[in-house]
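1. generate a structure from the sequence data that follows.
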Amino acid sequence: MAALSMGVTAVVAAPGAVAGGGPEHGHGHGDDGGGQGGGAIYENPRAPIPKRVADLLSRMTLEEKVGQMTQAERASVAEDPTPISALALGSLLSGGGSVPTPNTPEGWADMVDGFQREALKTRLKIPLIYGVDTVHGHGNLYGATVFPHNIGLGATRDPGLVADVEHIAAAETRASGPQWAFAPCICAARDDRWGRTYESFSEDPSLVIKMETAIDGFQGDGNHDLANRDRVLATAKHYAGDGDTVYGTGSGDYKIDQGIAVTNRQDFWDTSLRQYVPAVKQHNVGSVMPSYSSVDWTEDGTGNPINMHGNRELITDTLKGKMGFDGLVISDYNGIDHIGGDFHSNVVDGANAGIDMFMQPSNYADFITNLVAAVNADEVPMSRIDDAVSRILTKKFQLGLFEHPFTDRTDIDKIGSPEHRAVARRAVAESQVLLKNDDKTLPLRSDGRGHKHDGTAPIYVAGSNSDNIGNQAGGWTLTWQGGSTNVIPGTTILQGIKDAAGQREVISSPDASAAIPEGATGIVVVGETPYAEGFGDVGGPQWAFDPGDNNVPRPPQTMTLNDADKAAVDKVWAAAAKCVVLVVSGRPLIIDPTQLDNIDALVASWLPGSEGEGVADVLFGRRPFTGKLPVTWPRTLDQEPINIGDADYDPLFPFGFGLRTR
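-> Numbers count the residues shown, from 1 in each chain. Below is the predicted model:
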């Protein structure tokens, strides 16, 4: 993602070298198979990958094949890694917040390498592939560069920048061990009440397609660059329709997440499927993850939804068949549970639908037992198993894991480097969308001149999100849900303002309780608290389970400003010479019409991540405002879902709106 000039180097480790030092390697069991020097063909790095795959597959037992189709969570094997070798597991993952101790780049690399050593104890010495949710940087890792979430990247309208962002994310991920990113999300979020709206680049699939340069950032050339130390396998998700589910159909307590898309095939293609064609054909994405959601085709009447994890028509016939996808399909976390049957039938249906690897965090052993039994009972054909394992092995060979199974730590010191953070800061600046700017309130002057209201008066900064890096980073940061109390290396928006204000005094009062000096310029930073998935659904359940929450439920997610933020806005616009409101959120929030009339400037800041200085850069004119809305901004919550092209389209701010300052 980052250009080479940004400190990321695309270099494959020298042949025969071992990443991370030491004499270990992942091949050479001495079997006679026609390779050079009497070794097996699959051990020969100069043999064509298809031949290596075929040779290795021919040597594998059914149990070894099914082991390759199994992905466990690190927490399930952290204390006792022997199941990795005993069951010949093909993959491990870290879910949100599942981290080693210490949570450092070296701690990660040591953890991944330790698991890899266990995998290499197996008869055929097939290396693991390790996956992680690098959805806005390697957010699980303390000290990683944390970028704006996808909704902010969509606001940049800058495909080259998006590629740079994900190149850095890939480099930081692989330098710390994992070789697989469960990103990017290429859904089109059609209802902002959805708790995953911020994971979407846009409500418009055409804009999503433009942002699929993210895949190139992760993978480079997906056929030739995956073995490089700055690339990872990318995952297009969630296939398909996760952004098109109907409010009220969500799973369990969720209102819309993991729900049902009630639609016809043409509309589903238009909103949810077509973005996968360039992901596969143009960007050669290496893996695809099915959605927790279901689709209910209206052509045959409603009431018979099909869950994506069991949808053979869409996975095998459409994705692998018509689209020609030759990578691997990885289920979501316990995803087959959503198919609807008992565990055994879910295993059978998921495999026959076309899932190649199954993310079974803790019940991986039961999964293996059930799939082996299903094959022996002719419920799943061996040809389906061989196809799945061939796809998995192909990616492992392309990643260079057989030659270099251990972490190449060459670039480990570049994780969170100033060069990487500079790209994140630029992404933040380009993501800011100026929605109102009366009397050219913005940009502000750091020297106190340029506007009559400026003078030498101070800047008064208020609002719950003004000095909270956990809130501005959002979900998928250190923990699954993120957290207001999470602290990561970086700069809050307040600190960015202080750094940019020059000689002007900056007064900080998050609740606006401090006196507002006469003539002050007020900046009120309001918005949401962190959430992920269904816990962000409007009307959905409240999270209370991160360590920082102390079992106290988080505020409900309402898409409206909380009372304290509303009061802060009222106090500042009434007393300050000028009032600028920044909305830090994962989606549009409903703005009170009276407050909108009274404030002087309004900015959609999205979830900027670790580099709050990027917000200050546009506030003070270091960079111009250039961002455009990637989603429609509604007047009222009752307008949801609202999207460009609706017959009765009457938004507060339309899709694509954004004022410029230069």
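
2. let me see the contact set for the residue nearest the centre of the chain.
-> Nearest to the centroid of the C-alpha atoms of the chain, with distances taken as CA atoms, centre = their mean, sits residue 135, at 2.0 Å. Residues counted as contacts of residue 135 (CB atoms under 8 Å, 6 or more residues apart in numbering) are 149, 150, 182, 183, 184, 185, 199, 476. All C-beta spots, glycine's among them, are computed from the backbone N, C-alpha and C.

3. go again using 6 Å as the cut-off
-> For residue 135, the contacting residues are 183, 476, by CB atoms under 6 Å, 6 or more residues apart in numbering.

4. with residue 430 instead?
-> 156, 158.

5. same thing but at 10 Å, please
-> Contact analysis of residue 430 by CB atoms under 10 Å, 6 or more residues apart in numbering lists 148, 152-153, 155-158, 161-162, 614, 617-618, 623-627.

6. now, which of those lie within helices?
-> 152, 153, 155, 156, 161, 162, 614, 617, 618 (DSSP state H).

7. let me know the closest of the residues you listed to residue 332.
-> residue 153 (22.2 Å; CB to CB).

8. I'd like the mean pLDDT over stretch 128-138, please.
-> For stretch 128-138, mean pLDDT rounds to 98.

9. ok, now stretch 183-190?
-> Across stretch 183-190, pLDDT averages out at 98.

10. distance from that stretch to the middle of the chain?
-> When C-alpha coordinates are averaged (CA atoms, centre = their mean, to the nearest Å), stretch 183-190 and its chain have centres 9 Å apart.

11. next structured bit after the helix or strand hosting residue 85?
-> Element membership for residue 85, per DSSP states H and E: helix 82-86. Per DSSP H and E, the first helix or strand lying C-terminal to helix 82-86 is strand 91-94.

12. now that next one - C-alpha only, CSV.
-> Extracted in CSV, the C-alpha atoms of strand 91-94 (Å, rounded to 0.1, in the frame of the first residue of the first chain):
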residue,chain,number,x,y,z
SER,A,91,-4.6,-22.0,9.8
LEU,A,92,-5.0,-19.9,12.9
LEU,A,93,-6.5,-16.5,13.5
SER,A,94,-6.6,-13.7,16.0
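
13. that older thread, what's the helix holding residue 85 in contact with?
-> 67, 70, 72, 76-77, 89-92, 114-123, 128, 364-365, 368.

14. just to check, residue 583 is in contact with residue 526?
-> Yes - Residue 583 lies in contact with residue 526 (CB atoms under 10 Å); the separation is 6.0 Å.

15. list residues touching both of the two?
-> Counting by CB under 10 Å, 6+ apart, the shared contacts of residue 583 and residue 526 are 463, 465, 561, 565, 589, 591, 605.

16. give me the element the nearest residue to the first one once chain neighbours are set aside is part of.
-> Of all residues not flanking residue 463 in the chain, residue 525 sits nearest, at 3.9 Å (CB to CB, 6 or more residues apart in numbering). Assigned by DSSP H and E, residue 525 belongs to strand 521-527.

17. what packs against that strand?
-> strand 459-462, helix 469-473, helix 493-500, helix 563-575, strand 578-584, strand 601-604, helix 613-619 (3 or more CB pairs under 10 Å, 6 or more residues apart in numbering; DSSP states H and E).

18. ok, residue 306 - contacts?
-> 260, 294, 295, 296, 297, 312, 313, 314, 339, 340, 353.

19. if we can go back for a sec, the residue nearest to the centre of the chain belongs to a strand?
-> No - Residue 135: not assigned to a strand; according to DSSP: H, G, I helix; E, B strand; the rest coil it is coil.

20. so what does the nearest residue to residue 287 once chain neighbours are set aside have for phi and psi?
-> Nearest residue to residue 287, sequence neighbours excluded (CB to CB, 6+ apart): residue 235, at 4.5 Å. Phi and psi for residue 235, reported as degrees, to the nearest 10, are phi -130, psi 120.

21. cool, residue 429 as well?
-> Residue torsions, per degrees, to the nearest 10, at residue 429 are phi -60, psi -40.

22. picking up where we left off before, what about the residue nearest to residue 287, how many neighbours?
-> Neighbour count of residue 235, defined by other CB atoms under 10 Å: 29.

23. what segments of the stretch 401-550 of the chain are strands?
-> Per DSSP state E, counting those that start in this stretch, the stretch 401-550 of the chain carries strands over the ranges 433-437, 459-462, 506-508, 521-527.

24. again, but for the stretch 201-350 of the chain
-> In the stretch 201-350 of the chain, the segments counted as strands under DSSP E, counting those that start in this stretch are 235-239, 260-263, 287-290, 294-297, 306-307, 328-329.

25. mind putting those into CSV with distance to residue 569 and mean pLDDT?
-> Below are those laid out as CSV (distance: least, CB to CB, whole Å; pLDDT from 0 to 100):
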stretch, distance to residue 569, mean pLDDT
strand 235-239, 36, 98
strand 260-263, 37, 98
strand 287-290, 40, 99
strand 294-297, 41, 98
strand 306-307, 43, 98
strand 328-329, 47, 98
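
26. could you dump these to a markdown table with distance to residue 205?
-> Converted to a markdown table, those look like this (distance: least, CB to CB, whole Å):
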| stretch | distance to residue 205 |
| --- | --- |
| strand 235-239 | 13 |
| strand 260-263 | 14 |
| strand 287-290 | 16 |
| strand 294-297 | 16 |
| strand 306-307 | 21 |
| strand 328-329 | 21 |
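
27. so where's the chain uncertain?
-> For the chain, applying pLDDT under 70 flags the ranges 1-38, 447-455.

28. at 80 instead, please
-> 1-38, 447-456 (pLDDT under 80).

29. which residues of the stretch 251-400 of the chain fall in helices?
-> Here the stretch 251-400 of the chain has its helices, by DSSP state H, counting those that start in this stretch, at 265-268, 276-281, 312, 343-353, 364-376, 382-398.

30. who wins for proximity to residue 142 among those?
-> Closest approach to residue 142 among these (CB to CB): helix 364-376, 27.4 Å.

31. chain center to the closest one, what's the gap?
-> Relative to the centre of its chain, helix 364-376 is centred 31 Å away, using CA atoms, centre = their mean.

32. which other helices and strands contact that helix?
-> Using 3+ CB pairs under 10 Å, 6+ apart, helix 364-376 sits against helix 62-68, strand 70-73, helix 74-77, helix 82-86, helix 343-353, strand 358-359, helix 382-398.

33. could I get it in CSV with only the CA atoms?
-> Coordinates of the C-alpha atoms in helix 364-376 are reproduced here as CSV (Å, rounded to 0.1, in the frame of the first residue of the first chain):
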residue,chain,number,x,y,z
TYR,A,364,-12.2,-27.1,15.4
ALA,A,365,-11.8,-30.7,16.6
ASP,A,366,-15.5,-31.4,16.3
PHE,A,367,-15.5,-29.8,12.9
ILE,A,368,-12.7,-32.1,11.7
THR,A,369,-14.5,-35.2,13.1
ASN,A,370,-17.8,-34.2,11.4
LEU,A,371,-16.3,-33.4,8.0
VAL,A,372,-14.2,-36.6,7.9
ALA,A,373,-17.3,-38.6,8.8
ALA,A,374,-19.3,-36.8,6.1
VAL,A,375,-16.8,-37.7,3.5
ASN,A,376,-16.7,-41.3,4.6
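
34. what comes up buried for it?
-> 364, 365, 367, 368, 369, 370, 371, 372, 374, 375 (16 or more other CB atoms under 10 Å).
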